[in-house]
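Novice: predicted model and sequence below, questions to follow.
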Amino acid sequence: NAGVTQTPKFQVLKTGQSMTLQCAQDMNHNSMYWYRQDPGMGLRLIYYSASEGTTDKGEVPNGYNVSRLNKREFSLRLESAAPSQTSVYFCASSPTSGYRTDTQYFGPGTRLTVL
Amino acid sequence: QKEVEQDPGPLSVPEGAIVSLNCTYSNSAFQYFMWYRQYSRKGPELLMYTYSSGNKEDGRFTAQVDKSSKYISLFIRDSQPSDSATYLCAMSPPYGNNRLAFGKGNQVVVIP
């Protein structure tokens, strides 16, 4: 049982390049989330997927797109990377969709640098 | 005003001391309160989970919620060097697709 896995662990991009961050969970969770973490800013929600087939914007969605490929996988795409997107990206999942709050389980993160 | 305020610190304490961390919040609808621990270069992991007001104890950790003051606390007794980490508070109302509002995190260093 690996929990939440993320690939890659590290990435360096040039401005304007595109890339996709991959996330997978093996806990049969309904909900999945993408966050970015920056010094002094805490965790900020980029996009989330309450259940398979649905996605919604979070606090800072500009410059990103997401795909909930199936129940296990939730990817985050940067179409044209900018230096402001230099950050640590975390994927998380939780068991519940709807009207309860449940624990979120986090992956190990992807450290992205955009030059 | 951000929904959740947490003084980022850092906080340095000697081994064995009591660590006291707190967060304030503005949304009175929050009913679920969590503390996450994040070691350097790792993802956050859930440490404590409480519902509504009161205290919850788990070993050396105590989480306290005061809804009337919109204030939550985490206490670490007999702190150990292995407690050195960043502690993030998180909270949510009983609706909203499980979206959590996080504090910025508080870095704690326990000095042997």
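Specialist: Received the coordinates, thanks.

Novice: now the residue nearest the centre of chain A: which helix or strand?
Specialist: Nearest residue to the geometric centre of chain A (C-alpha atoms, centre = their mean): residue A:34, 2.5 Å. Taking DSSP states H and E as the criterion, residue A:34 maps to strand A:31-38.

Novice: which elements pack onto that strand?
Specialist: strand A:19-25, strand A:42-49, strand A:64-68, strand A:74-78, strand A:87-94 (3 or more C-beta pairs under 8 Å, 6 or more residues apart in numbering or on different chains; DSSP states H and E). Placement of C-beta: from N, CA and C, glycine included.

Novice: now that strand: how far from the chain's centre is it?
Specialist: 4 Å (C-alpha atoms, centre = their mean, to the nearest Å).

Novice: for stretch A:30-38, same thing?
Specialist: That offset, for stretch A:30-38, works out to 4 Å (C-alpha atoms, centre = their mean).

Novice: what are the buried residues along that stretch?
Specialist: When burial is assessed from 16 or more other C-beta atoms under 10 Å in any protein chain shown, stretch A:30-38 yields the following buried residues: A:30, A:31, A:32, A:33, A:34, A:35, A:36, A:37.

Novice: stretch A:82-90 too?
Specialist: A:85, A:86, A:87, A:88, A:89, A:90.

Novice: ok, stretch B:6-15 next?
Specialist: Using 16+ other C-beta under 10 Å as the test for burial, stretch B:6-15 gives B:6, B:13.

Novice: any bit of stretch B:30-46 sitting next to chain A?
Specialist: Yes. Stretch B:30-46 comes into contact with chain A (C-beta under 8 Å from any C-beta of the partner chain), by way of B:31, B:32, B:34, B:36, B:41, B:42, B:43, B:44, B:45, B:46.

Novice: buried ones from those, can you make that a PyMOL selection?
Specialist: Those of those that count as buried under 16+ other C-beta under 10 Å are selected in PyMOL with:
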select buried, chain B and resi 31+32+34+36+43+44
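
Novice: now, which of the residues of stretch B:30-46 next to chain A lie within helices?
Specialist: Among the residues of stretch B:30-46 next to chain A, DSSP state H puts none in helices.

Novice: between all of the residues of stretch B:30-46 next to chain A, which two are at the greatest distance?
Specialist: B:31 and B:41 (32.4 Å; C-beta to C-beta).

Novice: re the thing from before, would you turn the residues of stretch B:30-46 next to chain A into a markdown table with pLDDT?
Specialist: Output for the residues of stretch B:30-46 next to chain A, formatted as a markdown table (pLDDT from 0 to 100):
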| residue | pLDDT |
| --- | --- |
| B:31 | 87 |
| B:32 | 89 |
| B:34 | 93 |
| B:36 | 96 |
| B:41 | 92 |
| B:42 | 94 |
| B:43 | 95 |
| B:44 | 96 |
| B:45 | 95 |
| B:46 | 93 |
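
Novice: just to revisit the earlier point, so the strand holding residue A:34 versus strand A:64-68, what angle?
Specialist: Between strand A:31-38 and strand A:64-68, the angle comes out at 150 degrees (axes from the mean of the first three to the mean of the last three C-alpha atoms, to 10 degrees).

Novice: closest to chain B out of the buried residues of stretch A:82-90?
Specialist: Among these, residue A:90 lies closest to chain B (C-beta to the nearest C-beta), at 5.5 Å.
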